[in-house]
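Engineer: Okay, sequence plus prediction incoming.
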Amino acid sequence: MSGTPPAFEPVMGLEIHVQLKTRTKMFCGCDLSFGDPPNVHTCPVCLGLPGALPVVNARAVEFAVMIGLALECDIAPRSIFHRKNYFYPDSPKAYQISQYDEPICRGGRLGDVRIHRVHLEEDAAKLVHVGESGRIHGSDRSVVDFNRCGTPLVEIVTEPDLHSPEQAHEWLILLRTTLRQLGVSDVNMDEGSLRCDANVSIRPVGSSELGTKAELKNMNSFRFLERGVRAEIARQTKLVQAGDPVVQETLHYDPSTDRLTSLRSKEEAHDYRYFPEPDLVPLLVTDEVRAVAAAAVPELPAARTERFEQELGLPAGMARDLAFRRELADYYERALAQAPAEKVTPVELANWIPQLVERIGSGADPAESAVSAAALASLVAMVAAKEISRDAAREVLTKLAEEGGEPRAIVEREGLGAISADDGDGLVTIVDAAIASDPDAAGKVREGNMKAIGPLVGYVMRETKGRADGGEVTRLIRERVGR
Amino acid sequence: MSELIELTAVEAAAKLRAREIGASELFEAYRARAAGSDLNAFTWIAESAPEAEPDSPLGGVPLAVKDLFCTEGVPSQAGSRILEGYRPPYTATVVSNVTRAGAGLLGKTNQDEFAMGSSNENSAFGPVLNPWDRTRVPGGSSGGSAAAVAAGLAPWAFGTDTGGSIRQPAALCGIVGIKPTYGVCSRWGMIAFASSLDQAGPLSRTVTDGALLLSHMVGHDPRDSTSISLPEPITLPTAQDLKGIRLGVPEDLLGGSDGEGTGVEQGVRESFETTLRLAESLGASVDTCRLPHAPHALSAYYLIAPAEASSNLARYDGVRYGLRVGGDESLETMYSRTRAEGFGPEVKRRIMLGTYALSSGYYDAYYGTALRVRTKIAEDFRAAFGEFDFVVTPTSPWTAFELGAKTDDPLAMYFNDFCTVPMSLAGIPAISIPSGLSDGLPVGFQLAGPALSESRLIDAAHALEQAIGFDGGRARE
Amino acid sequence: MLDRAQVLHVARLARLGLTEEEVERMGVELSKVLDHVDRIRELDLQGVAPTSHAVEVAGVVRADEPEPCLDRDVILAAAPEPVDGGFGVPSPGPADDDS
Ligand SMILES: [Mg+2]
Ligand SMILES: [Zn+2]
């Protein structure tokens, strides 16, 4: 773990806030917006005007349930909204409507990280610092824009299952991919629709209890998350090694300086005075809502990886590489469906996907490339049937990527078909030539030193431009030297 | 003029619809009285009569509305300085419900700040005087509405009741006040005090007027998640007797078993007993019933209501509307100065009490315990209603008291609500009707029924009202 | 019994500036009220569920349909400090941060 001597291991949990892609806000009918002029999307509810009352957005609930199902959580048939009381200009009611001890989702996991809880809440307004306003001299001003205020948020809290900045980064990408596939959020960190806080502590390797944690805020890019966490691990390690205690505090990561600044230590932490929101009634997730949400959840990367491993026997890494890029996995499965099962194994076909990606460019979607899934399928089938050698097949794939078309046609046009003993004495003649060209290698082979066969095989491959099958060539050489 | 004022709202509506009187004529009659009154019952009075539709159900009958109902473009301050000059951009559902039915907004009435009080002495606009005796309080928090209706400055009015704020002032002013089942009147646009208890309701001269106004206030509102509908529409009462009606008298409350100050005043007790005998003569049976936890209702109420209030009133921070003090100092200074100067002493007291009751380490001991007492109180009522149709009590332990008499002793002031908070915590409907005078001051008689029993409750109250024959004319002189 | 420190702590939580005299009075008055309400803590409430709502309503939601918003000029007309289409405030110090 970079920056951390082996003596200590970091223990991390993440708190992720996700803006939901509903049409309207969590508790009012104002439409969601991004980048509009300030305060054009407000109403009595999201402005916290006297007498206004919240009403829950059904679609936000459906999205939360979809997320809960995707993360394998227990969905609570009945949950409660609470008020989290605190004064700040971005909070018009001076309380945030959130969920406290009865959240909509509990438990669950994504990949190798357990989910602690998932709950619904509302986003705060935007507070923009404007410095010295002309209006009140000598005093530093900020301006509040309530457009964002009340945007539906889902807060996802993990268990402390992460042990390195890289792992945190990796996992957050998995989460983003998953949420994007659910279609419930833009999950765009730059625009703030995906926001991440990290709880970081360190402990002696092997020990199982948790150290004092610090809360890192503003990890609003994947790079910052990794760098911020790394910086904090280093800071805590230095403290502990110097025998100083780690105080529980909230730190703000400043990417420009790569430094962490303390916001407030938990001693004077705010007392949020949570209590059940009396303006709302218990939230119900009926079987109907659950069914609608379940139907809307597609197969997600984690599940697909597992299926590729279980049902297709792909090695873990290979399965993950395919499943985490939906377009690759889809293409692969289409090709697999068209390949003759008795000839082509799933692993064999999967082996060819990186080859394809190499040729069409890593970012690209193979479905848009010149290589049709059917073409790849028949190419791999030809290799499996030894109708064409691997080297030749690579050439064909390159041609397919350039001009498309049907592999068999290309093989014939380019004369790349495999040659073997059965088609005339062509191959036998070349083998004899090889033996003749290097009698002492041939001699060694005759004496049983198989290492010596290499140059002879190489000769044949050169002569046949790689169209011969290596196995068969070896067999022929041994036969001809009379071994 | 004066005979117009003597019409009940129901009579006035009938004459307006029959074109026997004109809406603007009636409106002006009340407007003039409201403007000329010395009771300080109004915080705002309409310049002129709004457009009236004679064929509408209410035909243009004027309506006084408690200050805390948001009315678009019209001052709505909930009796507080912190909302100085605030004119909402929208209107409360119950207000638009009745104006759509043909009522005309006459004015906004004075009240205890944010409905916190039982004497209307906690208003940024100063105290309201009781029309029966101008040295005494009208009760609160809907004191302006009660005084206005009693004094004939308005035919009827809106009030809100959180722990007794409609029933107690109605009792002290000799009029009818109805606190409906929690949820039947939308809270959308009602400036919140304690969300789980606040209910809008009518204050009127007669039970029939109250029934008519309430029938146009109620209705499910998609903007209020706690809104519910009555099983059947409220009709005007017709009952002349109480045959077969079983009335339960909760000795737990009347004994004042919760300690000092709760004992019901002699004159009030006598009027109450007389009314019980009258009820029997109308065919009702009267027996004592148990509400074992009711004496603790006041304690539970004074934890729950302030707790919710401390959160509901946190939005008054000088950022978006209303008063701002210390805006050129630090944010924290602006907050504390704005709220220090914007809120009155009683509101500050309850914000402190509620903040304390919710603060970490005290939640379970106070707020949590209060919510459990609330459960027991609701159970007590359910049990009582197994044997009785209605529970009856004096509305207030005493008649209108002298201005300033209880201002130095908050706890003593809180005991005004002793007989009214149990129903609020249980969310059940209750009505207060005048049962007579004690030393020349009105006494209130409270009937409470099971949730959604409004129609039966109003019918019974009407029968009793007819038999009592209370005359509130003197307050309109 | 509410001591001076508690009164100041609660006043801070509630963002209520209190004068010396108010701090004094608040302590006395609140203590008197608390002494009274304290009696409910003697009741046996074992296994009693809390009631935060008198109504038995649950599962109230609205369709995700946009509704007209307020006119910005109207809402800013009520603002103590309208600035650049927004609500001006003193900038919070880092210590105030709670977002
Ligand atoms: Mg959150
Ligand atoms: Zn809104």
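Structural biologist: The structure has been received and is ready for your questions. Ligands and ions are numbered 1, 2, ... in the order given.

Engineer: Would whichever strand in chain C runs longest count as contacting chain A?
Structural biologist: Assignment by DSSP state E gives strand C:86-90 as the longest strand of chain C. Yes - on the criterion Cβ under 8 Å from any Cβ of the partner chain, strand C:86-90 is in touch with chain A at C:86-90. C-beta here means a position set from N, CA and C on the backbone, and glycine is covered the same way.

Engineer: pLDDT averaged over that strand - what is it?
Structural biologist: What strand C:86-90 shows for mean pLDDT is 97.

Engineer: So what's the residue count around the residue in the stretch 51-200 of chain A that chain B sits nearest to?
Structural biologist: Chain B sits closest to A:Ala94 of the stretch 51-200 of chain A, with a gap of 3.4 Å, by Cβ to the nearest Cβ. With neighbours defined by other Cβ atoms under 10 Å in any protein chain shown, the count for A:Ala94 comes to 23.

Engineer: List the contacts of it.
Structural biologist: By Cβ atoms under 8 Å, 6 or more residues apart in numbering or on different chains, the contact list for A:Ala94 reads A:48, A:85-88, B:311, B:314-315, B:317.

Engineer: go again using 6 Å as the cut-off
Structural biologist: Contact analysis of A:Ala94 by Cβ atoms under 6 Å, 6 or more residues apart in numbering or on different chains lists A:87, B:314-315.

Engineer: Keep the residues you listed, but drop any that are not near chain C.
Structural biologist: Counting by Cβ under 6 Å from any Cβ of the partner chain, A:Phe87 from those sit close to chain C.

Engineer: Please tabulate the contacts of A:Ala94 in TSV and include neighbour count and secondary structure as additional columns.
Structural biologist: Converted to TSV, the contacts of A:Ala94 look like this (neighbours: other Cβ atoms under 10 Å in any protein chain shown; DSSP: H, G, I helix; E, B strand; the rest coil):
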residue	neighbour count	secondary structure
A:Phe87	23	coil
B:Ala314	25	helix
B:Arg315	22	helix
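
Engineer: how near is C:Arg12 to C:Pro80?
Structural biologist: Separation of C:Arg12 from C:Pro80 (Cβ to Cβ, to the nearest Å): 23 Å.

Engineer: How about B:Ile228?
Structural biologist: Separation of B:Ile228 from C:Pro80 (Cβ to Cβ): 38 Å.

Engineer: what's in contact with the helix or strand harbouring A:Gly458?
Structural biologist: Using DSSP states H and E, A:Gly458 sits within helix A:453-463. Residues from elsewhere that reach helix A:453-463, judged by Cβ under 6 Å, 6+ apart: A:430-431, A:434, A:437-438, A:441, A:445, A:468, A:473, A:477.

Engineer: Just checking, which helix or strand succeeds that helix along the chain?
Structural biologist: From helix A:453-463 onward toward the C-terminus, using DSSP H and E, the following helix or strand is helix A:470-481.

Engineer: From the chain's centroid, how far away is that next one?
Structural biologist: On the basis of Cα atoms, centre = their mean, to the nearest Å, helix A:470-481 sits 48 Å off its chain's mean C-alpha point.

Engineer: What segments of chain C are strands?
Structural biologist: C:61-62, C:82-83, C:86-90.

Engineer: okay, the ones you listed, which one's buried deepest?
Structural biologist: strand C:86-90 (a mean of 25; mean count of other Cβ atoms under 10 Å in any protein chain shown).

Engineer: quick one, what contacts the residue in the stretch 201-350 of chain B positioned nearest to ligand 2?
Structural biologist: Nearest residue of the stretch 201-350 of chain B to ligand 2 (Cβ to the ion) works out as B:Arg223 at 11.7 Å. If you count contacts by Cβ under 6 Å, 6+ apart, B:Arg223 has them with B:Trp188.

Engineer: one step back: would you mind saying which of the strands of chain C lies nearest B:Ile351?
Structural biologist: Closest approach to B:Ile351 among these is made by strand C:86-90 (21.2 Å; Cβ to Cβ).

Engineer: Any chance you could give me that closest one in CSV, C-alpha atoms only?
Structural biologist: Extracted as CSV, the C-alpha positions of strand C:86-90 are listed here (Å, rounded to 0.1, in the frame of the first residue of the first chain):
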residue,chain,number,x,y,z
GLY,C,86,-29.9,34.8,-5.4
PHE,C,87,-30.1,35.2,-1.6
GLY,C,88,-27.1,37.0,-0.1
VAL,C,89,-25.7,35.9,3.2
PRO,C,90,-22.6,36.4,5.2
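
Engineer: partners of it, with directions?
Structural biologist: Strand C:86-90 has the following strand partners under DSSP bridges: strand A:140-145 (antiparallel), strand C:82-83 (antiparallel).

Engineer: residues of the first one that come out buried?
Structural biologist: Under the neighbour-count criterion of 16 or more other Cβ atoms under 10 Å in any protein chain shown, strand A:140-145 has A:140-145 buried.

Engineer: Skipping its backbone neighbours, what lies nearest the residue most central in space within chain C in space?
Structural biologist: Central residue of chain C (Cα atoms, centre = their mean): C:Ala14, 6.5 Å from the mean position. In space, C:Ala14 comes closest to B:Thr355 once its chain neighbours are excluded; the distance is 4.4 Å by Cβ to Cβ, 6 or more residues apart in numbering or on different chains.

Engineer: give me the low-pLDDT residue ranges for the chain?
Structural biologist: Assuming you mean chain A. A:1-6, A:133-138, A:264-269, A:420-425 (pLDDT under 70).

Engineer: Wait, chain B was what I had in mind.
Structural biologist: Ranges of chain B meeting pLDDT under 70: B:1, B:256-262.

Engineer: report the longest helix in it, please.
Structural biologist: helix B:369-387 (DSSP state H).

Engineer: Which one of the residues in the stretch 151-300 of chain A is closest to ligand 2?
Structural biologist: Scanning the stretch 151-300 of chain A for proximity to ligand 2 using Cβ to the ion identifies A:Thr151 as nearest, at 10.1 Å.
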